[in-house]
Each structure stands twice: as C-alpha cells, then as structure tokens.
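Student: Just need the structure, nothing else, for what follows:
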Amino acid sequence: MSPPPVCAPPCPRVGPLLGRLFDSLNRSGVRWLVLRGRDRLEAPDGDVDLLVHPADLSTVSSLATEVGFVGRSAWGRRPHRFMSGYDPEVDRMIELDLVDEIAFGPHHELRTETATGVLARAVPSDGVPVPCPEDAVWLNLIHLLLDKTTVPIHRIDTAEVPGSTGPVAELLPASVRRRITTAMRAGDPEAVRGLGPDVADALGGGAGPSVRRFWRRSLRTTVKLQKATVRRGPSLALLGPDGAGKSTLVAALARSCRPEPHIEYMGVYPRSRRPVRLPGVGLVTTVGRLWTAQARAAVARRRGRPVIFDRHPLEAAHVGPPTSGRGRLRRRVLSHTVPRPDHVVVLDAPVEELLRRKPEHSPDRTAEMRESYLRLAGSVGARVVDTTEGPEATRRALLTELFTSGRTRVPR
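Tutor: Numbers count the residues shown, from 1 in each chain. Predicted structure coming up:
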C-alpha cells in the first residue's frame, strides 16, 4: 500500500514542531494518520493522537525523537506510546499519543484489528492524513460510547449519519448499526447514548454482564499496578550564583511544564541551618537529606514526571572558597552523593545584574561566585543560559533543554 500524500513543509495550519514531525513522517513513507486532535494542530492544548501502522511504529518513534520529542511510554498502557515535546515558537507543551491498533473502553480492553483498514482508507486534510469521513464518524461515536464513563448529550452529533460499510462500521452487527443510524437520522442523541451497552457487547465478543464486570474490575486493578512502572521522566538541575533567578524560573517551569514537574531542593546547605556540634554528624545528616530528596525524585521520574532540581550537590566540588583537608574531602563526598541528572543548566548574568537582583554579597565575591559556576559548567558539560533576556525567554530555553531529544547523562 502506498503511503498518504506527502505535504509540503511546513504543513498548513500545523505548529512548527508538529509540522517538522509530519513532514519527516511523510518523507520517510511510513503509514500514519491523525486519529484525534486534527482541529487544534497549530497550538495543541491536549493530546495529539496518531495512528501508526504496526510495522512502522519504531520508525515513527525514532523520527519523533529526532525532531524533539521525549518518550515516556507506559508499561501496561498498550497500545499507547506517549511522547512529550516543547514547541518554543508557540510556547506549547505537545503530548503525542502513538497507537498501532484501535482499541476501545476506559482501559482500551476492547481491542480490534481495524487499524490497517483505517490507514488504507485515509484521506488528506490540508496535507495531513486523517480517517476518511465514514470511518471518522464511527471512530468518534464508539469512542464516546465506550471510552467515557458518561457521555454528554451535546457531544453526540446526530447531523453526521454514518454509513454502514468500512472496517470500523463492520465491527458492529448489522442490527446494531441500523439502530444507531435510525436514531441519528431521527436526531435522537439520547437513543444513541442508550445503545452503548449493545456496542460494548458487540465488541466484547458477546460476554455476559457478569463476565464483563469481572473482566473490567480485574483490568482496572492491573492497570493501577502497571501505572507505577513507566519510562523515567527527564531530570534537570538548575544552578547559578545568587541573583541568577533560580527560584523564579523553578516556579515558572512548575506552572507551564506538562506533565507537571516534580521540584526538589538539592542544595548541600539546608534552607534553615541548625548548629551541629559533633564532628561528622553534619555530613551524615546532609547525605541523608540529599538521598531522601533523591528518592522522592526517583519515584516521580518512575511515574513519568519531569524532575527539576533547585541546586545540586555538583556545586560542592566547584563552588565556594578554597578549602583543605577535611573540608575538601567533605565537598568531594557530597558532590558524588547522588546520581547526576540528565541535564545541568547554569544560569548566568553580568555581575552588575546579579547585584541588582540580590545585593547580598560584595562585587568581588559575586564575581568570584559567577566565575566558579562558569568553571563548573565547563567541567561537567553543562549548558550556560544567559538570563538577562528576562524570565520568559529563559523559561522557554529551559523547557527546550528539558525536552531535548536524545538526552545523555552529564559526564562524570
């Protein structure tokens, strides 16, 4: 089967990041279409669902990674594979939901073999392949009736009466199709909604109500357990001298990043210091605090959430006045206390700007700290971001860094 028509880059009415992805998919010849979300591709405010031929799924995932998406697929969420990306040109987080089969039900338990048939009948819409009108109506209708716990009446558009042929329509017995089309022609959405159990029975292979309830209850329990095992979310450490704007940017990232990020303070010095009189107790306490914070971050990453570290023990070996003996050993131990994040960003600004924002130190001390952080950046391969353009521009740069594809760990 030949792939859908190639659209000229950039695709009309498609945002820049998605436009690059769609152009790459078309050039590669993979078989795909936009299953849901076609009307908001310029500035998506939710998931963009792509149906992909099973033989092409790994290729599509690789191409999405190349243009800037990060995989966060969930074990146990078959057939869904999730990817996140940030488009700085429209300032939107974009969530891709890649599927290689069409399944219905709250937990996608009603699996079908219609994907290849729907892909074969795809038609272009502004250069983007979508289901043909007949398949689109049936897909949306069955999605509303089976995937949602409650179906708002206004979501059932009785003006679009589906045909009775095609791979999706033929999932249902002719008698059920006739009753649905009759209710649609009569403009009776309540009657259409009432046919949901008949549609579920047809796709569930005729299982009786008690069998179906047992199956769905077991599936819900399994899914809850499986949700705890997902691909790790990315991690980013924000470092910089006082006045660089770390706290402001951490708060801005928390508001705009999707999925919602987990924030951890990882400075080697606690925010509220208490005097420690016994030698070594302070180091043990600090290590324990850092590992506790690291454990919380690891749990969040395991759930697929991005993690942002406000400061990081990496600072210990590179920032601060020279020390000798026990002090140098302490810094070395702390700098290797926890695993290093995927990304390290050092926020920078001229000394005059740092003093204007936070005049807590002398100009010489501020300049010394700034140089220390720049040396740290060179030592660990961190990215230096100039914050003088303002928090908004810096926030976009950090989101781009956090969701950079092909991320690698900071070298040790």
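Student: Please make it C-alpha for all contacts and neighbour counts, starting now.
Tutor: Noted.
Student: end-to-end on stretch 49-61?
Tutor: Counting by C-alpha to C-alpha, to the nearest Å, you get 13 Å between the two ends of stretch 49-61.
Student: Can you report phi and psi for the residue lying closest to His343 once chain neighbours are set aside?
Tutor: Leaving aside its chain neighbours, His343 sits nearest to Leu236 (4.6 Å; criterion: C-alpha to C-alpha, 6 or more residues apart in numbering). Per-residue torsions, Leu236: phi -140, psi 130 (degrees, to the nearest 10).
Student: how about Leu236, what does it touch?
Tutor: By C-alpha atoms under 8 Å, 6 or more residues apart in numbering, the contact set of Leu236 is Val307, Ile308, Phe309, Pro341, Asp342, His343, Val344, Val345, Leu402.
Student: Looking at those residues, which are in strands?
Tutor: Judged by DSSP state E, the contacts of Leu236 include Val307, Ile308, Phe309, His343, Val344, Val345 as members of strands.
Student: how about the strands in the protein?
Tutor: 32-36, 47-52, 70-71, 80-87, 92-99, 103-104, 110-111, 123-125, 128-130, 235-239, 262-265, 307-310, 343-348, 383-386.
Student: possible to save those as TSV with distance to Val299 and mean pLDDT?
Tutor: Below are the strands of the chain laid out as TSV (distance: least, C-alpha to C-alpha, whole Å; pLDDT from 0 to 100):
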stretch	distance to Val299	mean pLDDT
strand 32-36	31	93
strand 47-52	24	92
strand 70-71	17	80
strand 80-87	19	85
strand 92-99	21	89
strand 103-104	30	90
strand 110-111	31	86
strand 123-125	42	91
strand 128-130	38	94
strand 235-239	12	94
strand 262-265	10	95
strand 307-310	10	95
strand 343-348	18	95
strand 383-386	26	94
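Student: Tell me which of the ones you listed sits nearest to Leu25.
Tutor: Closest approach to Leu25 among those is made by strand 32-36 (7.9 Å; C-alpha to C-alpha).
Student: so what's the most centrally placed residue in the chain closest to, chain neighbours aside?
Tutor: Centroid check for the chain by C-alpha atoms, centre = their mean gives Ser84 as the closest residue, at 3.3 Å. Once flanking residues are discounted, Ser84 sits nearest to Glu95: 4.7 Å by C-alpha to C-alpha, 6+ apart.
Student: what number of residues lie near Asp386?
Tutor: For Asp386, the neighbour count with other C-alpha atoms under 10 Å is 16.
Student: How about the contacts made by it?
Tutor: Counting by C-alpha under 8 Å, 6+ apart, Asp386 makes contact with Leu347, Asp348, Ala349, Thr394.
Student: so how far is Ala397 from it?
Tutor: 10 Å.
Student: Quick check: Val30 touching Ser61?
Tutor: No. At 11.2 Å, Val30 and Ser61 do not qualify as touching, with contact defined as C-alpha atoms under 8 Å.
Student: list residues touching both of these two?
Tutor: With C-alpha under 8 Å, 6+ apart as the test, Val30 and Ser61 reach no residue in common.
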